[in-house]
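J.: Provided below for reference: sequence and predicted model.
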Amino acid sequence: MREYNVAILGATGAVGMRMVRQLENSTVPVKNLKLLASSRSAGTKIEFKGEEIEVEETTPDSFEGVDIVLASAGGSTSKKFLPEAVKRGAVCIDNTSAYRMDPDVPLVVPEVNVDQLANHRGIIANPNCSTIQMVVALQPVFEKFGLSQIVVSTYQAASGAGQSALNEFYGQAQDYLDGKEMSADILPTKGDKKHYPLAFNLLPQIDVFEEDGSTHEEWKMVHETKKIMLNDMNATGIKVNATCVRVPVAISHGESVYFEVEDKSATKEDIQRVIDQFDGAVLQDDPDHQVYPQPITAEGKRSTFVGRIRADQENPGCFNMWVVADNLLKGAAWNTVQNAEELVKRDLVRVPEDYYRG
């Protein structure tokens, strides 16, 4: 069996560390692992399969001899280094927003559109964490009954904004309990003028605002969903609307998803059955015994959990459901490694002659 030289770009971050663990427990046959980060993290040692590996500072030459790159070091870093990696023969799976909307880059959730991997030109993009769990829950419904409309409200964890935001959230909670004033320097987004505390609060802003009043996170959910499910970010076949909210939860996003199917004969039980049978989705839907997905029980798990499925009594063919997944695993690290597993399985770990040049 062929073994692969793998590099993790952004290895010391919250997602990067989880990539190491997910890779360790994956089916990817790793010959050598290279851990890459910024100069300030160089020299850190991380264990992989019982061996301590020293983190190196990233340079273009870091990718010499590398077959697969798993990247989660920020969009600007991916833009700078991934074309260099591809030029040197590596296939890259990027967990940032840098390439998601690029028409030449497949945007892949393996349970949903794994065949798009065959179209890669050296770079594959991971979708936004909130988009990933929603399309995993909706894909079996789409395949069996069709979809005409999706309306989603998200309840997104602090860790979705990075380790620094999570640390700030913990500090705010302690300050609040100690009767101190809470300070905020990160959320709702570093890219805007004002910052607000998340502890004991809700922030109906994730990323910056667009001209139409939606946030960029909401824009991403709309267009990523269309690109993944319909292979066109501007497709009109499914209408998608999103409201994204940051909530005082550490890890795991929750989503209230309202959707309309094309086949009006579909019942709640039909929806439950196709989700229960779908790879990657776990049905937790027993209201009589108060069984439903929760962030605290989804944390540390690779699956997407779905429950509270019920029909809209006012609108035939419309349903509600509640979806929860660990945003750092299925929403990031695991989806990335899962794509690597599929590349290996399908013998797609090679850069085509017309490779991506940016």
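T.: In hand now; what should we look at?
J.: what residues are up against P352?
T.: Each residue near P352 by C-beta atoms under 8 Å, 6 or more residues apart in numbering is listed here: 120-122. Where C-beta positions appear, they are placed from N, C-alpha and C, glycine not excepted.
J.: with the residues you listed in mind, which one is nearest to V240?
T.: H120 (24.8 Å; C-beta to C-beta).
J.: picking up where we left off before, which of the contacts of P352 lies closest to T215?
T.: Nearest member of the contacts of P352 to T215, counting by C-beta to C-beta, is H120, at 29.3 Å.
J.: Looks like that closest one contacts I93 (just checking).
T.: No - if you go by C-beta atoms under 8 Å, H120 and I93 don't touch, sitting 9.1 Å apart.
J.: What ranges does the stretch 51-200 of the chain have for its strands?
T.: Using DSSP state E, counting those that start in this stretch, the strands found in the stretch 51-200 of the chain span residues 51-54, 56-57, 68-71, 91-94, 123-125, 147-156.
J.: Poorly predicted segments of the stretch 201-350 of the chain, please.
T.: For the stretch 201-350 of the chain, no stretch has pLDDT under 70.
J.: for it, what spans make up the strands?
T.: 239-246, 253-261, 281-283, 304-311, 318-325.
J.: who does the third one pair up with?
T.: As defined by DSSP bridges, the strand partners of strand 281-283 come to strand 304-311 (parallel).
J.: hmm, who's touching the partner strand?
T.: Contacts for strand 304-311 (C-beta under 8 Å, 6+ apart): 132-133, 136-137, 267-268, 271-272, 275, 280-287, 291-293, 297-298, 318-325, 330.
J.: out of those residues, which are buried?
T.: Neighbour counting by 16 or more other C-beta atoms under 10 Å classes 132-133, 136-137, 271-272, 275, 280-285, 292-293, 298, 318-319, 321-325, 330 among those as buried.
J.: Go through the strands of the stretch 51-200 of the chain and pick out the most buried.
T.: strand 68-71 (a mean of 28; mean count of other C-beta atoms under 10 Å).
J.: what about that one, average pLDDT?
T.: Per-residue pLDDT over strand 68-71 has a mean of 98.
J.: Return the list of helices and strands in contact with it.
T.: strand 4-9, helix 75-87, strand 91-94, helix 334-345 (3 or more C-beta pairs under 8 Å, 6 or more residues apart in numbering; DSSP states H and E).
J.: Switch these over to TSV; also include distance to S62.
T.: Converted to TSV, the helices and strands packed on strand 68-71 look like this (distance: least, C-beta to C-beta, whole Å):
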stretch	distance to S62
strand 4-9	7
helix 75-87	8
strand 91-94	12
helix 334-345	18
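J.: what would the strands of the stretch 201-350 of the chain look like in CSV with distance to T27?
T.: As requested, the strands of the stretch 201-350 of the chain are exported to CSV (distance: least, C-beta to C-beta, whole Å):
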stretch, distance to T27
strand 239-246, 33
strand 253-261, 26
strand 281-283, 20
strand 304-311, 20
strand 318-325, 21
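J.: Nearest to V141, out of those?
T.: It is, among those and with distance given as C-beta to C-beta, strand 253-261, at 6.4 Å.
J.: still on that earlier bit, tell me the one of the contacts of P352 nearest L343?
T.: Distances from L343 to the contacts of P352, taken by C-beta to C-beta, are shortest for H120, at 8.1 Å.
J.: still on that earlier bit, for the strands of the stretch 51-200 of the chain, please prepare CSV with the additional fields distance to D192.
T.: Shown next, in CSV, are the strands of the stretch 51-200 of the chain (distance: least, C-beta to C-beta, whole Å):
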stretch, distance to D192
strand 51-54, 37
strand 56-57, 31
strand 68-71, 26
strand 91-94, 25
strand 123-125, 25
strand 147-156, 16
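J.: Ok, which of those comes nearest R350?
T.: strand 91-94 (7.1 Å).
J.: any idea how far Q284 lies from R310?
T.: In this view, Q284 and R310 are 14 Å apart by C-beta to C-beta, to the nearest Å.
J.: Can you tell me which of the contacts of P352 has the most neighbours?
T.: Comparing the contacts of P352 by number of neighbours (other C-beta atoms under 10 Å), H120 comes first, having 25 neighbours.
J.: What about the closest residue to that one other than its chain neighbours? Give its phi and psi, please.
T.: Closest residue to H120 apart from its sequence neighbours, by C-beta to C-beta, 6 or more residues apart in numbering: P106 at 5.4 Å. Reported as degrees, to the nearest 10, the phi and psi values for P106 are phi -60, psi 140.
J.: most packed of the helices and strands packed on strand 68-71?
T.: When the helices and strands packed on strand 68-71 are compared using mean count of other C-beta under 10 Å, strand 91-94 is most buried, at a mean of 26.
J.: ok, and what's touching it?
T.: With C-beta under 8 Å, 6+ apart, strand 91-94 has contacts from 67-72, 78, 82, 85-86, 120, 122-126, 336, 339-340, 343, 348-351.
J.: Check stretch 266-281 too.
T.: So stretch 266-281 is contacted by 110-111, 136-137, 139-141, 143-145, 283, 285, 302-306, 309-311, 317, 319, 321, 330 (C-beta under 8 Å, 6+ apart).
J.: now that stretch, how far from the centre of its chain.
T.: Averaging C-alpha positions (C-alpha atoms, centre = their mean, to the nearest Å) puts stretch 266-281 22 Å from its chain's average.
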